[in-house]
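1. Would you be able to build a 3D model of this:
(one chain, ligands or ions: 1)
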Amino acid sequence: MIDLLLTHGDVFTMAGDGVGYIENGAVAVEGNRIVAVGPSSELEAKYQAKRTVDASMKAILPGLIDGHLHTVIAILRGLGQDAPTWHEGVDPFFEQLTPAAVLAGAQLSAIEAIRAGTTTLGDYGPGMPIALPFYEKLGVRARVCTLISEVPPVESLLAEGELYPFEPALGESRLEENLELVGQWNGAANGRITVMIGPQGADYCSVELFAKIKAAAEKHGLKIHMHIGQGDREILQMKNRYGVRPVAFLESIDYLDEQLIAVHMVKCTDDEVEKIAASGASMAFCPSSLIICDGIVPPADVFVRAGGKVCLGTDETSSNNGTNLFSEMKLASLALNMKNQDPTEMPTWKVLRMATIEGAQAIGLDHEIGSLEQGKKADLILVDLRKPSMMPVLRDPVRNIVPNLVLSARGDEVVLSIIDGQVIYEDGRITTIAEDDLLASIQQVSEEVSARASKEVRRRKTFQHRLTLEDRY
Ligand SMILES: [Zn+2]
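-> Numbers count the residues shown, from 1 in each chain. Below you'll find the predicted structure:
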């Protein structure tokens, strides 16, 4: 007898080159693995299950993969906007974060993500030693790294183009922290938690530190997860320090290969983006965050055309302003179509692949997740197609479900979420935590951070227009 049988659903396996659609399909789960996917009639005849779920008028999909986010500053949501720069908006609050605030950020991001169908979090620390025990308890899949930098927090004090000082001891300690994660957490929670390695950017580490990071990545078989071409400041640092742009520098130190997950690339030229894609590296594409922070659409169109694999990411709740891959999917499609002035540039089926199987390929977990196939881990979601936002459901002569999943769904259509074979979310309730209590403590911790930042916020002119004394916010 198997554990779970989902029947009579519109199944999108995401296997093969498209969406792998099965009408009136079923998925069989035993333990933490998918044991069969196929027509309902076939699987119902073959399997007895401890629990059977009738998924009529529901889409069954692989759980969504958020390939790049920083939960550490999630409780600063709504503070980086309408300020001269995102940094100026969040900095006074950022300075007041405590371990409790970091935990609150991880809790808030993960709760929001699960409620909207995300099953894997590509969390990019610091703060992972605080977040991971919570992720283990919650039951979410996590693929994490520590932000490695050897630049002390003096960037804002330097003149434009003045070289950041490097503090090798700081870089060593961050690398050590990342390697401790590898030792303690890589493969933990029955393989649900895995670890990458995370240099912050080309401008944040010395050549010597990059060599150590690469050696560690090779030794432990880790993906290198790294921001590339994320701002003018980075380009200027690299030109002033080495006389080359970041991509040429990374090529010179042998960083362009399939181990690399290149994040953002908004300041890369098309040639540079193509070079990264051709190297076998993958891309993390975070449209909301980069459009809000910089008004730029990341070059995922160029990367895809060059044959690269792309995952979606929400980046930061304080810059995008949510941890919701349904809204990210919609913007991914709209932004690339708008950029290219072509409504067919980024079709919805392709975006759904970025959030599932191609996302899994991009972060190096496609042997385990990303599609509904026999032998893979059971990470899957059910989306209620009877919700007004998903109606009507048409299957012949043209199916409208995929465009509606990408462009109409808001996330609250998700009614069931299974991660590693365990029901984590069902009928509006996360099963593994006391959600109401956690949300109350997140609110309290956030108010405390805000209170501590108050004096500095009032001192800085940045916020004159947003102080609550005025009526516009
Ligand atoms: Zn980032």
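
2. centroid residue for the chain?
-> D66 (2.7 Å; Cα atoms, centre = their mean).

3. Provide a list of residues in contact with it.
-> A113, T118, T120, L121, G122, L312, G313, T314, T323, L325, E328 (Cβ atoms under 8 Å, 6 or more residues apart in numbering). All C-beta atoms are positioned from the backbone trio N, CA, C, and that covers glycine.

4. quick one, what contacts the residue nearest to it when sequence neighbours are not counted?
-> For D66, ignoring the flanking residues on the chain, the nearest one in space by Cβ to Cβ, 6 or more residues apart in numbering is T118 at 5.0 Å. Counting by Cβ under 8 Å, 6+ apart, T118 makes contact with G63, L64, I65, D66, V140, T323, N324, L325.

5. Show me what the third one bridges to in the sheet.
-> It stands for I65. Beta-bridge partners of I65, counted by DSSP bridges, are T120.

6. Can you get me a residue count around it?
-> 31 (other Cβ atoms under 10 Å).

7. Let me see the residues that make contact with stretch 430-443.
-> Residues contacting stretch 430-443 (Cβ under 8 Å, 6+ apart): 75, 104, 107-108, 111, 114-115, 137-139, 422-425, 429.

8. change it to 7 Å
-> I75, A104, Q107, L108, I111, I114, K137, L138, G139, V423, I424, Y425 (Cβ atoms under 7 Å, 6 or more residues apart in numbering).

9. right, and the pair among these with maximum separation?
-> I75 and V423 (27.8 Å; Cβ to Cβ).

10. higher neighbour count, those two?
-> I75 (28 against 15).

11. Work out for me the element the residue nearest to the more buried one when sequence neighbours are not counted sits within.
-> Excluding its sequence neighbours, the residue lying closest to I75 (Cβ to Cβ, 6+ apart) is S446, at 4.4 Å. Here S446, judged by DSSP states H and E, is contained in helix 435-459.

12. Quick check: buried residues in that helix?
-> E435, L438, I442, V445, S446, V449, S450, R452, A453, V457 (16 or more other Cβ atoms under 10 Å).

13. Show me how far stretch 123-138 is from its chain's centre.
-> 14 Å (Cα atoms, centre = their mean, to the nearest Å).

14. list the buried ones in that stretch?
-> By 16+ other Cβ under 10 Å, the buried positions in stretch 123-138 come out as 123-132, 134-136, 138.

15. Would you mind listing the residues in contact with R241?
-> By Cβ under 7 Å, 6+ apart, the residues touching R241 are L163.

16. Look up how far V35 lies from it.
-> Taking Cβ to Cβ, to the nearest Å as the measure, R241 and V35 are separated by 54 Å.

17. So which residues of the stretch 101-250 of the chain form helices?
-> 128-138, 168-185, 188-191, 207-220, 232-242, 246-252 (DSSP state H, counting those that start in this stretch).

18. looking at the ones you listed, which is closest to Q464?
-> Between Q464 and the helices of the stretch 101-250 of the chain, the tightest spacing by Cβ to Cβ is seen for helix 232-242, at 25.3 Å.

19. what angle separates the closest one from helix 207-220?
-> Put simply, helix 232-242 runs at 110 degrees to helix 207-220, going by axes from the mean of the first three to the mean of the last three Cα atoms, to 10 degrees.

20. Now helix 232-242: average pLDDT?
-> When pLDDT is averaged over helix 232-242, the result is 96.

21. And it, how far out from the chain middle?
-> Using Cα atoms, centre = their mean, the offset of helix 232-242 from its chain centre is 27 Å.

22. gap between the two ends of stretch 93-104?
-> Chord length of stretch 93-104, first to last residue, is 14 Å (Cα to Cα, to the nearest Å).

23. before we move on, what about stretch 26-35?
-> End-to-end for stretch 26-35, by Cα to Cα: 11 Å.

24. buried residues in it?
-> Result for stretch 26-35 [16+ other Cβ under 10 Å]: buried residues A26, V27, A28, V29, E30, N32, R33, I34, V35.

25. Check stretch 420-427 too.
-> Across stretch 420-427, burial judged by 16+ other Cβ under 10 Å covers D420, G421, Q422, I424, Y425.

26. who touches it?
-> The contact list for stretch 420-427, computed with Cβ under 7 Å, 6+ apart, reads 3, 29, 31-33, 114-115, 139-141, 190, 192, 377-379, 415-418, 430-432.

27. Ok, stretch 23-32 next?
-> Outside stretch 23-32, the residues that reach it (Cβ under 7 Å, 6+ apart) are 2-11, 34-40, 43-44, 47, 60, 190, 372, 377-378, 380, 395, 420-421.

28. tell me the mean pLDDT for it?
-> Throughout stretch 23-32, pLDDT has a mean value of 98.

29. With stretch 200-214 instead?
-> In this model, stretch 200-214 has a mean pLDDT of 98.

30. now do the same end-to-end measure for it.
-> Terminal-residue distance, stretch 200-214 (Cα to Cα): 13 Å.

31. So what touches that stretch?
-> Against stretch 200-214 from outside (Cβ under 7 Å, 6+ apart): 147-151, 164, 166, 171, 175, 197, 199, 224, 226-228, 230, 234, 237-238, 246, 249-250, 253-255.

32. in it, what's buried?
-> Quick answer for stretch 200-214 (16+ other Cβ under 10 Å): Q200, G201, A202, D203, Y204, C205, L209, F210, K212, I213, K214.

33. again with stretch 374-393
-> K376, K377, A378, D379, L380, I381, L382, V383, D384, L385, K387, M390.

34. From those, which land in strands?
-> L380, I381, L382, V383, D384 (DSSP state E).

35. what's the farthest-apart pair in these?
-> Maximum pairwise distance in those, criterion Cβ to Cβ, is 14.3 Å, between L380 and D384.

36. Over stretch 275-285, what's the mean pLDDT, rounded is fine.
-> Mean per-residue pLDDT for stretch 275-285: 98.

37. Could you name the helices and strands sitting against the strand or helix carrying G89?
-> For G89, the element it lies in under DSSP H and E is helix 86-94. Helix 86-94 sits against helix 435-459, with contacts defined as 3 or more Cβ pairs under 7 Å, 6 or more residues apart in numbering; DSSP states H and E.

38. Now do the same for the helix it packs on: mean pLDDT, whole number.
-> Rounded mean pLDDT across helix 435-459 is 95.

39. could you check the angle helix 128-138 makes with it?
-> Using the same axes, to 10 degrees: helix 435-459 against helix 128-138 is 150 degrees.

40. From the chain's centroid, how far away is helix 435-459?
-> 24 Å.

41. How about stretch 261-277?
-> Counting by Cα atoms, centre = their mean, stretch 261-277 is centred 18 Å from the centre of its parent chain.

42. Please point out which parts of that stretch sit buried.
-> Residues 261-268, 272-277 are the ones in stretch 261-277 that count as buried (16+ other Cβ under 10 Å).
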